[in-house]
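Colleague: Need coordinates for the following:
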Amino acid sequence: MTPTLVLAAHGTRSEAGERTLSALAGAVRVVRPRHRVELAYLEISRPLLADVLAATPGRAVLGSAVCAVPGPVVVVPLLLTGGYHVHADLPGVIAEHRPDALVAPPLGPHRLLTTALARGLARAGLRSTDAVVLGAAGSSNPSALADVRAAAHQLAVRLARPVTAAFASAGAPSLDEALERVKQGPAGRVAVASYLLAPGFFHDRLVAAGADLVSAPLGADPDVAALVWRRFDETAAALAGRAVSA
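Modeller: Predicted structure coming up:
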């Protein structure tokens, strides 16, 4: 039986952020309109992932309604890097409420995200002479920071120019440090590529940092939706293999 796809987002207090994540879920559904897709959140927003997974066996919560969801579940984190939510928070929720579910890797780094980032910068007005900073939320987890730096390297290759990874919260260099350093170089302008899925607190910090232009969050970009299905298919294949071996 085809697994249900559950999208696990972090959650946000931004209404625009929730609309963007809902739009991304919609873009995912458009790719495979007959496939069941649920959007849930780890915290703050509703429905919570814990509620979706803890619903009556074989059922899940969709908004305020309880709807039948037969068969296995694959959870795809709507998260760009590894970190606490991927390695601790999410597995804890899964273990407590749906231990039979499989969890896909985080979305990034990936060439499809690179394409979406480059497209967003072009829409924001990137010039060939602009310096580029990849602005991410940040993390205390070294592997999450490494994921962002890998994404910056991929974007640098795509744009054929250096790209500096910078962090709005934990991580070095900070966004302010990176912008100050880059502004001392020969480039006339500095562009920040928003390595975020949705508007909210961290994107507001990118906008306020003083760059000449900031791209929009990745949002419902078609390549992001395609990547969700890539992660789902990779994980569902493992689930199918487990069923055969059983």
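Colleague: Counting neighbours, what do you get for Arg46?
Modeller: Arg46 is flanked by 12 other residues according to other CB atoms under 10 Å. Every C-beta, even on glycine, is put in place using the N, C-alpha and C of the backbone.
Colleague: which SS state does it fall under?
Modeller: Here Arg46 is recorded as coil under DSSP: H, G, I helix; E, B strand; the rest coil.
Colleague: Name all residues that make contact with Lys183.
Modeller: Lys183 makes contact with Ala131, Val190, according to CB atoms under 8 Å, 6 or more residues apart in numbering.
Colleague: quick one: it from Ala131, how far?
Modeller: Distance of Lys183 to Ala131, given as CB to CB, to the nearest Å: 8 Å.
Colleague: go on, Leu39?
Modeller: From Leu39 to Ala131 the distance is 36 Å (CB to CB).
Colleague: re the thing from before, which residues do Lys183 and Ala131 both contact?
Modeller: Common contacts of Lys183 and Ala131 (CB under 8 Å, 6+ apart): Val190.
Colleague: What is the neighbour count of the closest residue to Ser22 other than its chain neighbours?
Modeller: Once flanking residues are discounted, Ser22 sits nearest to Leu39: 6.6 Å by CB to CB, 6 or more residues apart in numbering. By the criterion of other CB under 10 Å, Leu39 has 24 neighbours.
Colleague: Could you check which helix or strand contains Leu39?
Modeller: strand 37-41 (DSSP states H and E).
Colleague: I'd like to know which elements that strand is packed against.
Modeller: Strand 37-41 is packed against strand 4-9, helix 15-31, helix 49-53, strand 59-62, with contacts defined by 3 or more CB pairs under 8 Å, 6 or more residues apart in numbering; DSSP states H and E.
Colleague: buried residues in the second one?
Modeller: It stands for helix 15-31. Gly17, Glu18, Thr20, Leu21, Leu24, Ala25, Ala27, Val28, Arg29 (16 or more other CB atoms under 10 Å).
Colleague: element containing the closest residue to the fifth one other than its chain neighbours, please.
Modeller: Take Leu24 and drop its neighbours on the chain: the residue closest to it by CB to CB, 6+ apart is Ala220, 4.5 Å away. With elements delineated by DSSP H and E, Ala220 resides in a region that no helix or strand encompasses.
Colleague: Report the contact partners of Ala220.
Modeller: Thr20, Ala23, Leu24, Gly26, Ala27.
Colleague: which residues of the protein fall in helices?
Modeller: 15-31, 49-53, 84, 90-97, 111-124, 142-159, 175-183, 201-208, 222-245 (DSSP state H).
Colleague: closest one to Val73 among those?
Modeller: helix 49-53 (7.4 Å; CB to CB).
Colleague: Can you find the helix or strand of this protein with the lowest average pLDDT?
Modeller: In the chain, no helix or strand scores lower on mean pLDDT, DSSP states H and E than strand 65-68, which sits at a mean of 44.
Colleague: Next, find the distance separating Ala27 from Asp221.
Modeller: Noted for Ala27: a distance of 8 Å to Asp221, by CB to CB.
Colleague: How about Ala160?
Modeller: Taken as CB to CB, the span from Ala160 to Asp221 is 21 Å.
Colleague: same question, Arg111
Modeller: Between Arg111 and Asp221 the computed distance is 13 Å (CB to CB).
Colleague: Looking at the two, which has the bigger crowd around it?
Modeller: Asp221 (21 against 12).
Colleague: From Leu197, how far out is the residue nearest to that one when sequence neighbours are not counted?
Modeller: Computed as CB to CB, 6+ apart, the closest residue to Asp221 that is not its neighbour in sequence is Ala116, at 4.2 Å. As for Ala116, its distance to Leu197 is 10 Å (criterion: CB to CB).
Colleague: Give me the common contacts of the two.
Modeller: Shared contacts of Ala116 and Leu197 (CB under 8 Å, 6+ apart): Leu218, Val224.
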